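Undergrad: need a 3D model of the following:
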Amino acid sequence: MKCLILAAGYATRLYPLTENFPKPLLEVGDKTILDWLIDDMATTGLIDEYIVISNHKFAHIFEEWAAKHTVVTIRVVDDGTTNNENRLGAVRDIQFAIDQLQLDDDLLVMAGDNLLDFSMAEFIRYAHDKQATCVMSYYEGDAAKLRKSGVAELDADRRILSMEEKPAEPKSTWCIPAFYCYTREDSKLIAKGIENGCGVDAPGSFIAWLCKQIAVYAWEMPGKRYDIGNLESYEEVKRSYKGI
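TA: The predicted structure is shown next:
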């Protein structure tokens, strides 16, 4: 399995910290955000390569960071974009990396700006057991937060019946953060999803399209996700995050 890390955003809400530096490499405690994620996955033995999708502005910074890693293999893909206005969007970035590297494997795709207080090993095993594309999910009772998130309706077997990014009227209380396990076969459908008009900015837009075509399942997270979206949330994460 390959791990694709979405890190091509410009994080304008974190300026001035991220005006000339990528958000995923900000430090929390004694590690960068990306190192927390990669160190956890490395312990599972389930990932054979890590691919960081960057914009052109920050690609050289990611490459310098990746060069320091000797235990795991990290490749940086430069999507060629230079600002928030000409960005490709998360779904097109995934397809860009697949095309550039000719990827033909199961993919663990995740945002590079979230932290978890639990290991992803069980999520990957859940997807393996299901033999299907799977996403993470958690209960959220706050309607205001649901309107800013991906929200899915689930059946009794946790199959996704529908999903919507930032819904005005949420249809459930199940949030879907940007952590996905795509099967090799389903990753080949991303181009078709784009051609058929699925959204490209939010990574969950492809899942919203895909769940209407085939079975996609939602694994319930056993812990907490820390979303670093602005300066206030970053300061809070630095104060409260204790690791996995």
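Undergrad: immediately after the helix or strand hosting residue 43, which helix or strand?
TA: Element membership of residue 43, judged by DSSP states H and E, is helix 33-44. Going down the chain from helix 33-44, the next helix or strand is strand 49-54, by DSSP H and E.
Undergrad: would you map the helices across this protein?
TA: Listed in chain order, the helices of the chain (DSSP state H) span 33-44, 59-67, 90-101, 121-130, 143-146, 184-187, 190-195, 204-210, 231-240.
Undergrad: make TSV out of these and add mean pLDDT and distance to residue 108.
TA: Bear in mind the C-beta positions are built from the backbone N, C-alpha and C, glycine included. Written out in TSV, the entries for those read as follows (pLDDT from 0 to 100; distance: least, C-beta to C-beta, whole Å):
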stretch	mean pLDDT	distance to residue 108
helix 33-44	94	8
helix 59-67	97	17
helix 90-101	97	12
helix 121-130	96	6
helix 143-146	92	25
helix 184-187	96	11
helix 190-195	96	14
helix 204-210	96	14
helix 231-240	95	22
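Undergrad: to residue 51, which of these lies closest?
TA: helix 90-101 (5.8 Å; C-beta to C-beta).
Undergrad: the closest one to strand 49-54, inter-axis angle?
TA: Angular relation of helix 90-101 and strand 49-54 on a 0 to 180 degree scale: 120 degrees, by axes from the mean of the first three to the mean of the last three C-alpha atoms, to 10 degrees.
Undergrad: which positions in helix 90-101 come out as buried?
TA: Of the residues in helix 90-101, those buried by neighbour count under the rule 16 or more other C-beta atoms under 10 Å are 90, 91, 92, 93, 94, 95, 96, 97, 98.
Undergrad: for it, name the packing helices and strands.
TA: Judged by 3 or more C-beta pairs under 8 Å, 6 or more residues apart in numbering; DSSP states H and E, the packing partners of helix 90-101 are strand 2-7, strand 49-54, strand 74-78, strand 107-111, helix 190-195, helix 204-210.
Undergrad: any idea how far residue 240 is from the residue lying farthest from the centre of the chain?
TA: Most distant residue from the mean C-alpha position of the chain: residue 156, 25.2 Å away (C-alpha atoms, centre = their mean). The gap separating residue 156 from residue 240 is 35 Å, by C-beta to C-beta, to the nearest Å.
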